[in-house]
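In: kindly generate the corresponding structure for this input.
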Amino acid sequence: MGSVGLSVLTALYIMAVANQTFWGRAYDYLSGEPLAFAGFVVGIVAVTIAAMTAFSVKYLIKPALIFFILVSVIAAWFTDEYGVIIDKEMIRNAAVTTEAESAHLITIGFLFHIFLSGILPSVFILWVRMVHRPFGAKFLHNMAVILPCLAIFVAAGLSFSRTYAAVGRLHRDIMLTLNPFIPISSAARYVFASEEDRNIVRRPLGTDAHQRGPGASGKPRVAVIVIGETARAQNFSLGGYGRETNPEMKARDIVYFSNATSCGTATAVSLPCMFSSYPRRDYSHRKGLETDNLTDILGHAKVRVEWWDNDTGSYGVANRIPYRFLPDAADPRYCRESECLDTVLTDKLDDWLASVTGDSVLVLHQLGSHGPGYYQRYPDNFRRFTPDCRTAEFGACTQQEIVNAYDNSILFTDHVLARVIDTLQRHGQGISASMFYVSDHGESLGENGLYLHGTPYFMAPPQQIHVPVIAWFAPDFRAAAGIDMACLGKHAGDPISHDNFFHSVLGLMDVATSVYDPRLDIFAPCRAGQNAVVRAM
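Out: Numbering: from 1, shown residues only. The predicted structure is shown next:
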């Protein structure tokens, strides 16, 4: 076979087999303009043929075409099955994930898909004998294909430019599932950005931080911050969900903030963003790396800060404080196959609280409701909603079974939070305690064909950005801080976001610094002595 013929065949194969979601969206968005849709198909196929033919060079063509096929079919699996878009942030999230987390995505269905649509075509490419022309003739022959294809692409675009421009403005995601171009360009952007990040010099921030004074109770102030994973507010009964997924929290004196939104739709974005001083509109991955974060500023104020992790890491937030990755201990009471139930976070909490001698903050990072293996996030005695999906292969479960498994994981998170509160109460004679729970992002459970999370923020559904926020205060902490619980309850439905997290924690620990903004402290309006200041600002 000639090299150009193989390139064209590969392009047509990728367009037909690995772009079902792409063509489906294009058809939906252009359904009222059949000629524009036809021009779109012709233009995209033509430019893909041109791109494949550009690699029609001896010694390069086979590895290049195999690479394009494998990238395309791997990306297509996640796009077609879960609605995932492989953008730069999704690449970043994948790059820092753990082996245990990624193993949930390597299912029998995935392997069968890769074998049929990726490996077998690659074997064909390896098997076929290539017929190559001399270099000069090959160049001319390749250009005789590439240039007309590019001309067709440009002509198709110009012919319906107004339609494409209008659809592009209305549906910015129309090109985001095009394989293999989007995954490859996203990976390249991530690599280039990572190289630039190596030269970052961190800038100190909030070095003037100090605590205004000792707690009025005379006891150390302790805040346990629980960072939830993949908990969406829509499935919290505290917020009105029809199922009772928060029975233990409902029985405790907590405040549930029902109208909170996240900074991102993936942990790699949301976690460093919420611990930074930047609001979402100003935050970038680079800014997060080059400035001190909340844990650093608490340290400047001489507050003891520690991080316990049961997820995939702190994404740089805890680089300069004591850090414990709990799955490393492989405690058989809680852990199996390199993952642990979130009760591992509370196992040593009694001992840690007993060691407290001064104002302290402990961050507990949950595994929470991370999918697709929701069923592995809770023990059997929390299988309240059944039948629950007992596999990471969503295609083997009904929609209701997937929701049941997810709801059980939320029920277990409710139990873990109750254990944190109960443990803090047991140490009430020695500490003045509070707990602040915030989820990093939400989750899609099949709404509009989307599953999991990580959808680009501009097009993310509310299920991925509407997150639960819970606060609990021991009576002496409330009294010492002057927190009016009735006032907090009155404002619990006000719009808040991850932008408020940084300032609210500083407020809880009574830390004064030039980077603290009381207007973004969700507790300040209901704290004695500060509410008038906030209103005046």
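
In: Ser338: neighbouring residues, count only.
Out: 13 (other CB atoms under 10 Å). (Each C-beta comes from the backbone N, C-alpha and C, glycine too.)

In: roughly how far does it sit from Thr98?
Out: Distance, Ser338 to Thr98, by CB to CB, to the nearest Å: 7 Å.

In: next: Pro247.
Out: Taken as CB to CB, the span from Pro247 to Thr98 is 31 Å.

In: swap in Arg384?
Out: Distance, Arg384 to Thr98, by CB to CB: 28 Å.

In: next: Tyr190.
Out: Remark: distance between Tyr190 and Thr98 (CB to CB) = 18 Å.

In: which of the two has more neighbours?
Out: Ranked by neighbour count (other CB under 10 Å), Tyr190 and Thr98 place Tyr190 first, with 19 against 14.

In: what's next to stretch 156-168, contact-wise?
Out: 29-30, 33, 35-36, 39-40, 42-43, 46, 174-175 (CB atoms under 8 Å, 6 or more residues apart in numbering).

In: quick one: stretch 9-26 to chain centroid distance?
Out: Here the centre of stretch 9-26 is set off from its chain's centre by 27 Å, with CA atoms, centre = their mean, to the nearest Å.

In: and the average pLDDT for it is what?
Out: Per-residue pLDDT over stretch 9-26 has a mean of 96.

In: okay, how far is it across that stretch, tip to tip?
Out: 22 Å (CA to CA, to the nearest Å).

In: and what of stretch 348-359?
Out: With CA to CA, one end of stretch 348-359 sits 19 Å from the other.

In: quick one: the helices in the stretch 251-400 of the chain, in order.
Out: Taking DSSP state H, counting those that start in this stretch, the helices of the stretch 251-400 of the chain run over residues 267-274, 285-290, 294-300, 344-347, 349-354, 399-426.

In: which one of these has the most crowded surroundings?
Out: A comparison of the helices of the stretch 251-400 of the chain by mean neighbour count, using mean count of other CB atoms under 10 Å, puts helix 267-274 on top with a mean of 26.

In: what helices or strands is that helix leaning on?
Out: Packing partners of helix 267-274 (3 or more CB pairs under 8 Å, 6 or more residues apart in numbering; DSSP states H and E): helix 88-95, helix 285-290.

In: just the pLDDT for the nearest residue to Ala329 once chain neighbours are set aside.
Out: With CB to CB, 6 or more residues apart in numbering as the criterion, Ala329 has its nearest non-adjacent residue at 7.4 Å, and that residue is Cys335. The per-residue pLDDT reported for Cys335 equals 93.

In: ok, Cys335 - contacts?
Out: Shown in contact with Cys335 (CB under 8 Å, 6+ apart): 327, 329, 341, 344.

In: so where's this protein uncertain?
Out: 215-216, 529-537 (pLDDT under 70).

In: tell me who's in contact with the residue nearest the centre of it.
Out: Residue closest to the average C-alpha location in the chain (CA atoms, centre = their mean): Ala266, at 1.0 Å. Contact partners of Ala266, counting by CB under 8 Å, 6+ apart, are 89-90, 92-93, 441, 453-454.

In: rerun that using 7 Å as the cut-off
Out: Counting by CB atoms under 7 Å, 6 or more residues apart in numbering, Ala266 touches 89-90, 93, 441, 453-454.

In: go through these and say which is closest to Gln463.
Out: In terms of CB to CB, no member of these lies closer to Gln463 than His453, at 8.7 Å.

In: close enough to count as contact, that closest one and Thr230?
Out: Yes - here His453 reaches Thr230: they are 6.3 Å apart, a contact under CB atoms under 7 Å.

In: any residues in contact with both of the two?
Out: 441, 443.

In: and Asp494, how far from Arg232?
Out: 19 Å.

In: what about these two, which has more around it?
Out: Arg232 (28 against 12).

In: give me the spatial nearest neighbour of that one, chain neighbours excluded.
Out: Closest residue in space to Arg232, ignoring its immediate chain neighbours: Gly442 at 3.3 Å, by CB to CB, 6+ apart.

In: distance check, the one you found against Ser355.
Out: 35 Å.

In: compare neighbour counts for the two and give me the winner.
Out: For Gly442 versus Ser355, neighbours defined as other CB under 10 Å are more numerous around Gly442 (27 against 9).

In: show me the strands in the protein, by range?
Out: Here the chain has its strands, by DSSP state E, at 210-211, 221-228, 254-261, 304-309, 323-325, 335-336, 339-340, 360-365, 432-439, 444-445, 451-452, 466-473, 496-497, 511-512.

In: quick one on the thing from earlier: which two in the contacts of Cys335 are spaced the farthest apart?
Out: Spanning the widest gap among those are Ala329 and Leu341, at 12.9 Å by CB to CB.

In: that'll do, ta.
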